[in-house]
Each structure stands twice: as C-alpha cells, then as structure tokens.
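A.B. asks: Below is the structure, and that's it, no one-letter string:
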C-alpha cells in the first residue's frame, strides 16, 4: 500500500475544449459513470473531505479517485491508504488546471467498467480550473472558513460554475471573522442554484449531507 | 476615499518575459524604487499583512501598493482607506498571474519618482504567479497556518523562488495540525536561503520582523 500509479499528463492538442468536454461527458453517460470535479484553494481540505465522503459511500457506490497535483503523490497515497479504493495521481507538470483531454488521460487509467463514480481532485487553485470544463458531470468546490467569506466576490467564475459549495473547517468559526450567512449570500449572487453545505471534515460533521447530495446525483446520472 | 484607480491589464506581447523582467528590474534600480512581489493562496491574509506592514514603515519609506485581482477592487480600497498610501487595482481580466509587462502597465500608473517601495499583491494562487518573473526585486509569499505545513511539498516552485516566507495566522496554531518546525524544514528543502517569519497579521504579532526585513532590502537596493 505504499505506492500509487502516477500518470504524467500531457498538454492537450484539441482546439476546442468545450467540444471535447461534451464528448467526454457523453461517453461517461453511456458507460453509466459519474465524474465529479472537485476544486478549491490549496489547503482547504479536499483530501480529508474526500476520505470522509468515500467512507460514507463505500457500501453504496463503486468509486475511484484521480488526484491532480503539480508534482507530489502524497494525496493519492493518503486516499488509497485511508479508503482502499483505487487512487491514481495525475502529474500536471506544472500546469495549473486540467482540461477534458487531460482528464481523459487519467480516466484511461481507471477501470471505468467497474465504477459508478470517479472523483477528480483538481489542482488547488481558484482561478484556472474554473476556466476549463473537465468533462465532469457536476462541479463541486470547497471553501474553508480561514479563507474568508469574501471569496465569492474575488473569484466569481469559480463560484458561478459550481453546483455545490462545501464550507469546510466550521469547527474554527469562533476564531475567524467568517460570516456564514453573508458567505451564502455572496455565493448565491454568483450562482443562485448552488447548494451550500457547511462541514467539518476533521470531525465528520455535516459530511453526510455532502455524501447524500453526491449519491443522489450519481443515481440521477445512471437513470 | 471611496474609490481607487482601476487599471485593466492587457496581455503581454513580448516573447521573452525573462528579458523583459530583467529590463524592468534595471529601470527600477536606476530610479531607486524597490518592487516587492507578494504572493499567496486566496485568503491567506495578504491584504491584512500589508496594512500592518505599511503602518510600521510609513514614516520610513514612501510607498504605493498595486493590488492585482481578477475582478473586484475591494483590496485596493481597503489598503487606501486603512493606510492612506496610493493604491491602485490591477484587473487581470481572468488571468491567473502577472508577468513583467503587466506589472509595468501597473507601474506606469503610480508616481515612481516620489517612491521608495512599491508592493505588488499578486493574484491569489500558488501555481501560476510562480512561473512568471514580474520584474520584482524580491519575492515574498504568505502561507497561513490553516493551509497546512505540507504546502512546500505540493507547490515546490513557489517556495523555491521566494526570498521570504511569512507564516500567517499563528494565533490559530492550537486549532490546526500545523507543525511549524516541519514547515520550516520543508521550505528549506525547496529553498535553503528562504527566510521564514511567523506572524499574526490580525494582532500584529511578528509583523515587525517582516517590516524590518523589507526596510533592510529597500535600503540595500537604493545603495
């Protein structure tokens, strides 16, 4: 359990990422596989949230995780060791985002025929990943309390493309000037349809609501 | 005091950013102006740290601030209102970094002849800004405690190009699994010469050490 598959992602050659993303989404639909694109700033708790979520869904869904990172493979290893599900690391070689073709290069290395759900942990960055459709069925992001409730004002595109915004680290709300209601209001200014789910990945508080949202979305996708 | 100058930055046309950055640095040297490039993740406390630092240096240096942001102008306004020094907002139009030419477009809008120090608050992002030399005299970054001590492992380039790493939000160390010694060790693996300065921008603790470092660097540059 001390190593994971590491895929060196190459730059895309396709002219239109939008078309390629739509094509990938159609392929996933045909295969009955749901792809979640999970985004956030560095250090907001993506990996810990995933481990908790996978724990709650393990008996209900067949899952795999693709961890995009510039260089290291610590996240994929952590997920694999904590959950036992297939995890691969995608090395972007310094690139700050994944597009649909890069995502496909990763998917070519997971056993799609035996899966219901693949979670892509995108590069930790609130700017570039928002600009490239990965071909995912839904987009999720994590905003952590220490980052501040003003982030939807400063990274509008990211919040506008996300179907769900998980607010992590609510256990430290007493120590930060973070206004949860104001944050929800700012998120809904960017995207009125976004669901907002406050959690604490460290203790597990609230993670069930996110897992339930995801389970529902996967079931909708497969039917 | 309710508005700031907003500059819409255009994409660079220069082939070699390295050459352009070297040229800009030389121009700044000739003018006796020091340019600091300040980088970090979203929400790590760049603006609050700047306000504290400017407060400490206000009687010693003539300063201006350029705030790069994708869209909003909240940071430049905050700085202007809190410190009274000239602050302008650079809108990157969705771009995830600044290069030397974009930085020059900003500098064209500050009164360089009356300044010792210009601080550029780069876009909140640990990936892309590290790849583009802005023409700055020194690079600084802020890593905040909630982001985790493993960040130098995951964003190697950023840590390798920074002359100083400020560790912010040390007031919440008791509530996070953040190992300050391990963090220093990881930083020095990437960059043995990097100075590491722990601070709490909210209370002001430790900010003097950063201000002193900056004052020293500005004086060295001008002599």
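C.D. replies: Cool, got the structure. Just so it is clear, the structure is predicted and the values come from calculations on it, not from any experiment. Numbering: from 1, shown residues only, chains lettered A, B, ... in the order given.
A.B. asks: Would you map the helices across chain A?
C.D. replies: A:17-31, A:46-57, A:74-83, A:100-107, A:151-154, A:156-161, A:180-190, A:207-222 (DSSP state H).
A.B. asks: As TSV, those helices with mean neighbour count would be great.
C.D. replies: Yep, even glycine has a C-beta here, placed from its N, CA and C like the rest. Rendered in TSV, the data for the helices of chain A read as follows (neighbours: other Cβ atoms under 10 Å in any protein chain shown):
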stretch	mean neighbour count
helix A:17-31	15
helix A:46-57	22
helix A:74-83	19
helix A:100-107	22
helix A:151-154	22
helix A:156-161	20
helix A:180-190	16
helix A:207-222	17
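A.B. asks: In TSV: those helices, plus distance to chain B.
C.D. replies: Rendered in TSV, the data for those read as follows (distance: least, Cβ to the nearest Cβ, whole Å):
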stretch	distance to chain B
helix A:17-31	15
helix A:46-57	10
helix A:74-83	6
helix A:100-107	15
helix A:151-154	5
helix A:156-161	6
helix A:180-190	11
helix A:207-222	18
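A.B. asks: Among those, show the one with the smallest mean pLDDT.
C.D. replies: Taking the mean pLDDT of each of those, the lowest value is held by helix A:74-83, a mean of 88.
A.B. asks: and the angle for that one with helix A:46-57?
C.D. replies: Note on geometry: by axes from the mean of the first three to the mean of the last three Cα atoms, to 10 degrees, helix A:74-83 and helix A:46-57 are set 30 degrees apart in direction.
A.B. asks: residues in contact with helix A:74-83?
C.D. replies: Outside helix A:74-83, the residues within contact range by Cβ atoms under 8 Å, 6 or more residues apart in numbering or on different chains are A:1-6, A:46-47, A:50-51, A:54-55, A:58, A:65, A:67, A:69, A:85-89, A:121, B:150, B:153-154.
A.B. asks: sorry, back to before: can I get the helices of chain A in CSV with distance to residue B:10?
C.D. replies: Shown next, in CSV, are the helices of chain A (distance: least, Cβ to Cβ, whole Å):
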stretch, distance to residue B:10
helix A:17-31, 23
helix A:46-57, 34
helix A:74-83, 37
helix A:100-107, 28
helix A:151-154, 21
helix A:156-161, 19
helix A:180-190, 25
helix A:207-222, 40
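A.B. asks: so which of those helices gets nearest residue A:142?
C.D. replies: Of all the helices of chain A, the one in closest proximity to residue A:142, counting by Cβ to Cβ, is helix A:46-57 (5.7 Å).
A.B. asks: Show me what the spatially most central residue of chain A is bridged to.
C.D. replies: With distances taken as Cα atoms, centre = their mean, the residue of chain A nearest its centroid is residue A:38 (1.1 Å). Residues in a beta bridge with residue A:38, per DSSP bridges, are residue A:121, residue A:140.
A.B. asks: Just the pLDDT for it.
C.D. replies: 97.
A.B. asks: my guess is residue A:88 contacts residue A:9, does it?
C.D. replies: No. The pair residue A:88 and residue A:9 fails to qualify as a contact (Cβ atoms under 8 Å) at a distance of 10.9 Å.
A.B. asks: So between the two, which is more surrounded?
C.D. replies: Each of residue A:88 and residue A:9 had its neighbours counted (other Cβ atoms under 10 Å in any protein chain shown), and the higher figure belongs to residue A:88 (22 against 19).
A.B. asks: For the residue nearest to the centre of chain A, give its distance to chain B.
C.D. replies: Residue A:38 sits 16 Å away from chain B when distances are taken as Cβ to the nearest Cβ, to the nearest Å.
A.B. asks: Also residue A:173?
C.D. replies: Distance from residue A:173 to chain B, by Cβ to the nearest Cβ: 11 Å.
A.B. asks: That residue contacts residue A:183, correct?
C.D. replies: No. Shown here, residue A:173 and residue A:183 do not form a contact pair, counting by Cβ under 8 Å, at 10.8 Å.
A.B. asks: and residue A:114, how many residues sit next to it?
C.D. replies: Residue A:114 is flanked by 10 other residues according to other Cβ under 10 Å.
A.B. asks: correct me, but it touches residue A:62?
C.D. replies: Yes. Using Cβ under 8 Å, residue A:114 is in contact with residue A:62, at 5.9 Å.
A.B. asks: Just give the number of residues close to residue A:134.
C.D. replies: Other residues lying near residue A:134 total 28 when counted by other Cβ under 10 Å.
A.B. asks: sorry, back to before: between residue A:88 and residue A:9, what contacts are shared?
C.D. replies: The contact sets of residue A:88 and residue A:9 overlap at residue A:106 (Cβ under 8 Å, 6+ apart).
A.B. asks: who touches the residue nearest to the centre of chain A in this structure?
C.D. replies: Taking Cβ under 8 Å, 6+ apart as the definition of contact, the neighbours of residue A:38 are A:46, A:50, A:119-122, A:140-142.
A.B. asks: run the last query once more with 7 Å
C.D. replies: Listed by Cβ atoms under 7 Å, 6 or more residues apart in numbering or on different chains, the contact partners of residue A:38 are A:46, A:119-122, A:140.
A.B. asks: go on, residue A:88?
C.D. replies: For residue A:88, the contacting residues are A:4-5, A:7, A:66, A:76, A:106, A:109-110, by Cβ under 7 Å, 6+ apart.
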